[in-house]
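[1] My questions concern the predicted model and sequence given below.
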Amino acid sequence: MLGISPKRAGISPKARFSAMSDALTERFQDMVNEEVRDRRGLGLKGAFREVARLFGLTERRVRACWHHEIRSVTAGEWEAVREARIQTLQARQLRLQQQLDSLNDRGAA
């Protein structure tokens, strides 16, 4: 053993986890917050719970996103939230398209 700790060598032990850049961290928070806003009718606490379940995060993590307190995001978190957000938006788009089609059919009849 050389007697050199990681701290003395200038290596932070926390730096081992892959974290995203500040811009991606901000985008991550925005995606989570957009979903919370869409579910706000349940009340804020209920929206946090639903979004946490949807994205596979903790309620505390969702609340931290809401208050823009997130400092880092792992690649796994980013991908999970991104994929879930895409699926949610596609489902919402399909539902809206069906509603438009229904209204157009009624108007033509």
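    Cool, got the structure. Numbering: from 1, shown residues only.
[2] ok, the most centrally placed residue in the chain to residue 71 distance?
    Among the residues of the chain, residue 32 comes closest to the average C-alpha position under CA atoms, centre = their mean, at 3.5 Å. As defined by CB to CB, to the nearest Å, residue 32 lies at a distance of 14 Å from residue 71. (Glycine included, C-beta is placed from N, CA and C.)
[3] Provide a list of residues in contact with residue 25.
    The neighbours of residue 25, taking CB atoms under 8 Å, 6 or more residues apart in numbering as the test, are 19, 70, 71, 72, 73.
[4] Can you get me a residue count around the last one?
    A count of neighbours around residue 73, defined by other CB atoms under 10 Å, yields 23.
[5] Also the second one?
    Applying the criterion other CB under 10 Å, we find 16 residues in the vicinity of residue 70.
[6] That one against residue 64, yeah?
    Yes - the pair residue 70 / residue 64 is scored as a contact, 5.4 Å apart, by CB atoms under 8 Å.
[7] tell me the contacts of residue 64?
    Residue 64 neighbours (CB under 8 Å, 6+ apart): residue 70.
[8] Okay then, goodbye and thanks.
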